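Asker: Take a look and give me a structure for this.
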Amino acid sequence: MPGLLRRLRDRTGPGLLFAASSVGVSHLVQSTRAGAEYGLTFIALIVVVCLVKYPVYLFGSTYAAATGNSLVDSYRKQGRWAIVIFTVALLIDMFVATAAVSLVTAGLIKNLMHIEAGAQAVAIMLLLACGTLLIVGRYRLFESLSKLFVVLFCVLTVAAALVSTSLLDFSAHDYFPVFTADRPSILFAIAVAGWMPTSVAASVFLSVWVKARAETSRGRLTPKEALFDFNLGYFSTMALALCFLLLGTALLYGANIGIAQTTTGFAAQVIEMFTSVFGAWTFTGVAALASIVMISTLLTLLDGPPRTLAAIIREHGSTQKTIFALTVVQIAGTTSLLLLFITSFTAFVDFATSTAFLTAPVLAYLNHKAVTSGDVAVELRPGRAMRAWSVLGVVFYTVFFAAYLYYRIGAGAA
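Answerer: Numbers count the residues shown, from 1 in each chain. Have a look, this model is predicted:
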């Protein structure tokens with residue numbers, strides 16, 4: 001058994017970091033809200049979105065494992081315009097996504113430690129603490145912490161979801177209400193899809209983490225190991241999204257409990273979902289573990305964008321000083337966003353997750369071009385079916401992008 005665990009440890013890493021970055025706003029917030037407001041109706045949306053998006057994230061891991069470089073290197077070869085588009089997506093994740101995740105984490109911490117300070121103040125303190133951890137601990141400590149916390153939270157969430165199925169009473173409730181295609185519902189569906197399981201820019205972070213892992217003592221993942229690592233992380237995130245949907249349905253929708261509109265109130269509801277299943281005595285443990293997992297998500301967002309932006313700025317390799325400086329910029333920018341622009345928690349989360357479609361079609365196209373280019377050995381390039389799957393994803397992102405523009409600022413807003 002120790003040998004098996006050691007082999008599993010050596011074959012995983014970036015994929016579980018990807019899972020850590022996913023088990024955050026898209027899962028705790030959006031999947032739970034979907035279950036609370038629409039029952040099990042969103043099962044199809046979550047499954048279809050995760051399956052359609054699979055190639056775009058896979059290509060990040062595939063390209064890095066096959067070439068030893070990140071997707072940033074491929075974007076640079078494809079032209080300056082590609083770098084510009086990606087930088088826009090990166091800045092959205094660097095500030096908007098980080099602000100959203102830090103707010104959710106702050107709400108959990110406030111419930112756990114009974115802190116009276118405002119959510120924004122707690123979020124800023126978390127940003128400073130997590131930034132310090134990354135600067136001091138570097139990649140290996142970051143990877144080890146995330147892997148442990150994600151595994152523990154996965155076990156807890158799956159167990160809670162399985163137990164909660166006993167609370168479903170199909171004779172008393174219609175858990176598959178008809179989806180009304182009005183403007184608010186469609187915009188919410190787009191918001192759920194936007195970060196399901198996470199933003200498309202995370203495919204580049206994944207390639208950066210695969211490359212960074214190769215620079216540690218554990219060495220470079222082979223393409224086969226990278227595929228195993230990615231699949232383990234990716235399908236875990238899809239299963240967890242369905243678990244949170246189920247929890248929201250069984251414990252909130254079935255009880256006709258509305259979603260709280262404040263950060264602290266929503267965090268309390270998430271914790272109560274678990275304690276209602278396992279008992280009130282588990283409050284501290286559940287709140288602590290949920291907080292730690294969200295901190296790991298925040299860590300990925302404080303590591304991925306600065307490390308990736310450093311690779312863009314320094315064409316021939318980034319330095320720790322550059323990453324440190326960009327982390328400081330990220331914390332300062334996110335702090336300004338938290339203090340000046342956030343008035344509604346749920347509205348901001350919906351805005352943050354929906355913005356993923358602004359650059360997603362182009363990034364999906366760029367990733368497709370990367371793994372089918374001459375940089376990747378012929379035997380490691382995706383086959384015909386995977387290429388067709390990838391093209392389907394580009395079409396999917398484009399349709400959602402058009403729908404978002406129509407319903408947000410076009411005729412649908414009238």
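
Asker: Ignoring the adjacent residues along the chain, who's closest to residue 120?
Answerer: Of all residues not flanking residue 120 in the chain, residue 338 sits nearest, at 4.7 Å (CB to CB, 6 or more residues apart in numbering). For the C-beta atoms, the positions are set from N, CA and C on the backbone; glycine is no exception.

Asker: quick one: what helix or strand has the one you found in it?
Answerer: Residue 338 is part of helix 320-340, with elements assigned from DSSP states H and E.

Asker: can you tell me the average pLDDT over the following helix or strand past that helix?
Answerer: Tracing the chain past helix 320-340, the next element assigned as helix or strand by DSSP H and E is helix 345-354. Mean pLDDT, helix 345-354: 82.

Asker: Run the chain-centre distance for helix 345-354.
Answerer: Mean-position distance between helix 345-354 and its chain equals 14 Å (CA atoms, centre = their mean, to the nearest Å).

Asker: One more: stretch 301-313?
Answerer: What separates the centre of stretch 301-313 from the centre of its chain is 16 Å, taken as CA atoms, centre = their mean.

Asker: Now it: buried residues?
Answerer: 301, 302, 303, 304, 305, 306, 307, 308, 309, 310, 311, 312 (16 or more other CB atoms under 10 Å).

Asker: Mark which of those residues are part of strands, please.
Answerer: Using DSSP state E, no member of the buried residues of stretch 301-313 sits in strands.

Asker: Including distance to residue 15, could the residues you listed go into CSV?
Answerer: What follows is those, written out as CSV (distance: CB to CB, whole Å):
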residue, distance to residue 15
301, 17
302, 19
303, 15
304, 14
305, 19
306, 21
307, 17
308, 17
309, 22
310, 22
311, 20
312, 24
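
Asker: So which of the residues you listed are in helices?
Answerer: The members of the buried residues of stretch 301-313 that map onto helices under DSSP state H are 301, 302, 303, 304, 305, 306, 307, 308, 309, 310, 311, 312.

Asker: out of those residues, who's nearest residue 391?
Answerer: residue 308 (25.2 Å; CB to CB).

Asker: and the closest one, what does it touch?
Answerer: Contacts of residue 308 were listed using CB atoms under 8 Å, 6 or more residues apart in numbering, and they are 70, 72, 90, 204, 205, 208.

Asker: how about a cut-off of 10 Å?
Answerer: For residue 308, the contacting residues are 70-72, 86-87, 90, 93-94, 201, 204-205, 207-209, 318, 323, 326, by CB atoms under 10 Å, 6 or more residues apart in numbering.

Asker: Tell me the pLDDT of it.
Answerer: Predicted confidence (pLDDT) for residue 308: 81.

Asker: just for the stretch 101-250 of the chain, where's the confidence low?
Answerer: Applying pLDDT under 70 to the stretch 101-250 of the chain flags residues 137-147, 215-219.

Asker: where along it do the helices fall?
Answerer: Remark: helices assigned in the stretch 101-250 of the chain by DSSP state H, counting those that start in this stretch are 119-164, 183-194, 202-214, 223-248.

Asker: tell me the most buried of those helices?
Answerer: Highest mean neighbour count among those (mean count of other CB atoms under 10 Å): helix 202-214, with a mean of 26.

Asker: Show me what it is packed against.
Answerer: Helix 202-214 sits against helix 14-22, helix 43-67, helix 71-78, helix 80-91, helix 119-164, helix 223-248, helix 283-313, helix 360-371, with contacts defined as 3 or more CB pairs under 10 Å, 6 or more residues apart in numbering; DSSP states H and E.

Asker: how about these in JSON lines, adding distance to residue 344?
Answerer: Listed next are these as JSON lines, based on distance: least, CB to CB, whole Å:
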{"stretch": "helix 14-22", "distance to residue 344": "24"}
{"stretch": "helix 43-67", "distance to residue 344": "23"}
{"stretch": "helix 71-78", "distance to residue 344": "34"}
{"stretch": "helix 80-91", "distance to residue 344": "22"}
{"stretch": "helix 119-164", "distance to residue 344": "12"}
{"stretch": "helix 223-248", "distance to residue 344": "20"}
{"stretch": "helix 283-313", "distance to residue 344": "20"}
{"stretch": "helix 360-371", "distance to residue 344": "24"}
